[in-house]
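S.K.: Predicted structure and sequence below. I'll ask about it afterward.
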Amino acid sequence: MMRQSSILIVDDERPILNLLGAIFSHRYRCTMAESGQEAMELLKADSFDLLISDLLMPGISGIDLCQFVRGEFPQLPIVVISGIVELRHQVEAMQLGVFSCVPKPFNIPQLVSIVGNALSRDVIAA
């Protein structure tokens, strides 16, 4: 039997975390973090197949988190979800090698497809 993929989901808004958990926990092992700092600690302690992160968070931002991941876990695919409409933030995320930038409010079927593609790309690359 194949190992279940593991996703770290990071958002400072509990309702978004709950929604993303509900969407993905049927298919993947999901771990939730409410801050960039918590996410960094979880990334150091466990192994994940995908990071889903908000961009705008207090303290350590999603961009900071992406920079940390690129430095420590360069092969980890990242999907960014953001309510930020400023293009410069999205460009900055994409320059860090983010697999996809998904705007909030997100389209659930589209997000499920993007996550599946990010995970399958990781499997192919391995």
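M.R.: Received the coordinates, thanks.

S.K.: which stretches of the chain form strands?
M.R.: Shown for the chain, the strands assigned by DSSP state E span residues 6-10, 29-33, 50-54, 78-82, 100-103.

S.K.: Mind putting these into CSV with mean neighbour count and distance to Ala22?
M.R.: All C-beta spots, glycine's among them, are computed from the backbone N, C-alpha and C. Formatted as CSV, these follow (neighbours: other Cβ atoms under 10 Å; distance: least, Cβ to Cβ, whole Å):
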stretch, mean neighbour count, distance to Ala22
strand 6-10, 24, 11
strand 29-33, 19, 9
strand 50-54, 25, 13
strand 78-82, 23, 15
strand 100-103, 17, 17
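
S.K.: Low-confidence ranges, this protein, go.
M.R.: Using pLDDT under 70 as the threshold, the predicted model of the chain has low-confidence ranges 1-2, 85, 122-126.

S.K.: Over to stretch 5-17 now: how far is its first residue from its last?
M.R.: 18 Å (Cα to Cα, to the nearest Å).

S.K.: got the buried residues for the biggest helix by length in the chain?
M.R.: The helix of greatest length in the chain, counted in residues with DSSP state H as the criterion, is given as helix 108-125. Of the residues in helix 108-125, 111, 114-115, 118-119, 122 count as buried by neighbour count, 16 or more other Cβ atoms under 10 Å.

S.K.: and what of stretch 33-53?
M.R.: 33-36, 38-40, 42-43, 48-53.

S.K.: Any idea what the residue nearest the centre of the chain is bridged to?
M.R.: Most central residue of the chain, judged by C-alpha distance to the mean C-alpha position with Cα atoms, centre = their mean, is Ile52 at 1.2 Å. Bridge pairing for Ile52 (DSSP bridges) gives the partners Ile9, Val79.

S.K.: is it true that it touches Ser5?
M.R.: No. Counting by Cβ atoms under 8 Å, Ile52 stays clear of Ser5, with 11.9 Å between them.

S.K.: quick one: contacts of stretch 21-32?
M.R.: Contact partners of stretch 21-32, identified using Cβ atoms under 8 Å, 6 or more residues apart in numbering, comprise 4-10, 17, 20, 42, 46, 48-50, 108, 111-112, 115, 119.
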